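Novice: Sequence plus the predicted model coming up.
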Amino acid sequence: MADGLTPLVALLWLLNVLTDSGGQLAFKAAAALPGDAAGLDRWRAMARRPWLWIGIACYGAEFLLWLAFLSLVPLSTGVLLGSINIVAIMVAGRLLFNEQLTPLRVLGILLVSAGVAVVGLQP
């Protein structure tokens with residue numbers, strides 16, 4: 001672990017990634033409605049699904065964790081470290097929703113991961 005990444009910062013970062021990714025995945029699950037409901041009926045059906053409320057709860061928790069995280073790291077570092085959420089969501093989207101990972105997306109995952117590693121490992 002780099003000198004600048006204390007155990008508390010690493011914990012807040014990990015929890016932030018988990019809650020943000022969990023929220024995104026819950027919203028995707030809520031939006032993936034079977035059937036052909038449209039318009040207001042579709043929104044009502046989504047509101048009845050627990051995934052929507054799980055996503056909202058995750059975002060509430062993520063907001064508090066993000067504030068705590070940003071109180072300990074510079075904004076530029078926090079935003080770069082937080083971008084690992086993109087990688088987690090893309091991989092989870094592949095595993096849970098069978099979404100495609102094209103070569104360009106894989107390249108993007110590798111570039112984001114490299115950027116996060118560079119920022120996270122600097123003293």
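Specialist: That came in fine, so what should we check first?
Novice: Just the helices from the protein, written as ranges.
Specialist: 7-31, 39-48, 50-70, 75-82, 84-97, 103-121 (DSSP state H).
Novice: Go through the last one and flag the buried ones.
Specialist: Right, the one you point to is helix 103-121. Buried residues in helix 103-121, counted by 16 or more other Cβ atoms under 10 Å: I109, V112, V116, V119, G120. Bear in mind the C-beta positions are built from the backbone N, C-alpha and C, glycine included.
Novice: My guess is the third one contacts S83. True?
Specialist: If I follow you right, that is V116. Yes. V116 is in contact with S83 according to Cβ atoms under 8 Å; the separation is 6.3 Å.
Novice: circling back: kindly present the helices of the chain as TSV, with separate columns for mean pLDDT.
Specialist: Output for these, formatted as TSV (pLDDT from 0 to 100):
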stretch	mean pLDDT
helix 7-31	94
helix 39-48	87
helix 50-70	96
helix 75-82	86
helix 84-97	91
helix 103-121	85
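Novice: Pick the most deeply packed of these.
Specialist: Highest mean neighbour count among the helices of the chain (mean count of other Cβ atoms under 10 Å): helix 7-31, with a mean of 18.
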